[in-house]
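Q: turn this into a structure:
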Amino acid sequence: MVKVGFTIWYGDHRYLGDRIKRVHEAGFDYIELSLDYPWPYVDTEKFINTISKLVKSYGLQIAIHGPWRDIRLASPINEIREASLKVYRKILKISSRLDPLYFNFHIISEEAIRFNSVKRAVLYAAAKSLENVLSEVESLGIDVTVENNIDGIMSEPEHYINLRNIMGKDFCVCFDVGHALMPYLRRSDESPYSILDYWIACLSDFRTLTVHLNDIEKVGNCIHEHLIFGQGILDFNQVLNKVKYVRGLDYALLEIFWSRTKNGERKTIQPEELRELIDLIRKRL
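A: Down below sits the predicted model:
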């Protein structure tokens with residue numbers, strides 16, 4: 001059975017114990033712990049001990065979302081890429097102490113990949129970094145997944161295929177539904193479900209270990225993600241009908257942060273508001 005997770009990030013630090021308790025009471029199996037500064041760089045030992053005790057006390061498990069702000073693992077500028085890798089070597093060792101279900105991360109560059117020569121350089125830089133990460137985790141016993149981005153490199157399924165061809169080896173995927181739709185919906189009114197079909201078909205030879213699920217809304221030229229299902233453009237059951245065909249799925253993260261009140265204002269989602277979606281995932285996936 002697919003395990004269902006909920007995101008915990010630094011924004012939860014003031015009420016961390018209560019937040020994790022409510023994740024447990026809502027029926028989630030695990031937390032995906034997002035490593036946003038100052039986690040885990042400041043007071044590392046205290047951070048590890050606090051998280052470990054909390055999840056253990058509620059019978060939850062942990063997955064890790066690696067840092068992405070200021071990290072550029074696909075930069076063709078070697079000094080930038082190497083600095084990012086240095087941080088990741090440290091982060092992977094710290095993460096291994098939490099015995100994570102998986103370590104999910106983004107491979108990012110902000111270079112202009114619309115130029116083929118630049119895209120090629122970025123892809124080769126991404127391959128070097130991914131090979132380094134895969135080598136690092138062999139001794140740590142961690143499964144890693146590469147998440148699709150909202151734009152730039154790794155925002156289209158062809159980038160995954162190109163990256164695997166450069167490396168000559170397989171790697172696991174985290175398929176983020178909202179991220180997959182955003183680049184296409186910015187430039188067309190194509191059906192979101194046909195876009196999901198295209199992504200899933202292209203990734204059919206990859207192991208998609210985890211999916212990130214959230215609704216999105218399109219307001220003019222702006223697209224907002226991490227919305228609760230039923231308030232955006234997606235139907236949750238139709239999304240599940242699509243993602244059930246990915247290969248090797250073990251984990252589903254409800255990466256839902258907000259909803260809209262009746263007067264249109266944003267409201268932070270509480271874990272217990274997602275119980276119905278948890279039940280549907282367990283029935284359908």
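
Q: tell me where this protein has helices.
A: For the chain, applying DSSP state H gives helices covering 16-26, 44-57, 78-96, 116-138, 157-167, 177-187, 192-202, 236-243, 275-284.

Q: straight-line length of stretch 70-84, end to end?
A: Using Cα to Cα, to the nearest Å, the span of stretch 70-84 from its first residue to its last is 8 Å.

Q: that one: which residues count as buried?
A: Residues of stretch 70-84 classed as buried: 71-76, 80-81, 84 (neighbour count, 16 or more other Cβ atoms under 10 Å). To be clear about C-beta, it is placed using only N, CA and C from the backbone, and glycine gets the same treatment.

Q: OK, contacts around residue 25?
A: If a contact means Cβ atoms under 8 Å, 6 or more residues apart in numbering, then residue 25 has 271-272 as its contacts.

Q: burial of the closest residue to residue 178 other than its chain neighbours, as a residue count?
A: Sequence neighbours aside, residue 225 is the residue nearest to residue 178 in space, at 3.9 Å (criterion: Cβ to Cβ, 6 or more residues apart in numbering). Residues lying near residue 225 (other Cβ atoms under 10 Å) number 21.

Q: residue 225 and residue 211: what is the separation?
A: 14 Å (Cβ to Cβ, to the nearest Å).

Q: on that earlier part again, pretty sure the residue nearest to residue 178 is touching residue 214, no?
A: Yes - look at residue 225 against residue 214 with Cβ atoms under 8 Å: they come within range, at 5.9 Å.

Q: hang on, the earlier thing: so what's the residue nearest to residue 178 up against?
A: Residue 225 touches 150, 178-179, 182, 214, 216, counting by Cβ under 8 Å, 6+ apart.

Q: can you name the two of those that sit furthest apart?
A: 150 and 214 (12.1 Å; Cβ to Cβ).

Q: which one of those two has more residues nearby?
A: residue 214 (24 against 17).

Q: thought that one was touching residue 181?
A: No - applying Cβ under 8 Å as the test, residue 214 and residue 181 come out as separate, 10.3 Å apart.

Q: what about the closest residue to residue 21 other than its chain neighbours, neighbour count?
A: Distances taken as Cβ to Cβ, 6+ apart place residue 58 nearest to residue 21, at 6.3 Å, with adjacent residues excluded. Number of residues near residue 58 (other Cβ under 10 Å) recorded here: 16.

Q: swap in residue 126?
A: Neighbours around residue 126, by other Cβ under 10 Å: 26.

Q: excluding its backbone neighbours, what's nearest it?
A: residue 74 (3.9 Å).

Q: residues in contact with that neighbour?
A: By Cβ under 8 Å, 6+ apart, the residues touching residue 74 are 81, 107-109, 122-123, 125-126, 129, 153-154.

Q: export the helices of the chain as TSV, with columns for mean pLDDT and distance to residue 261.
A: Output for the helices of the chain, formatted as TSV (pLDDT from 0 to 100; distance: least, Cβ to Cβ, whole Å):
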stretch	mean pLDDT	distance to residue 261
helix 16-26	97	20
helix 44-57	97	30
helix 78-96	98	36
helix 116-138	98	41
helix 157-167	98	36
helix 177-187	87	21
helix 192-202	96	25
helix 236-243	97	20
helix 275-284	97	19
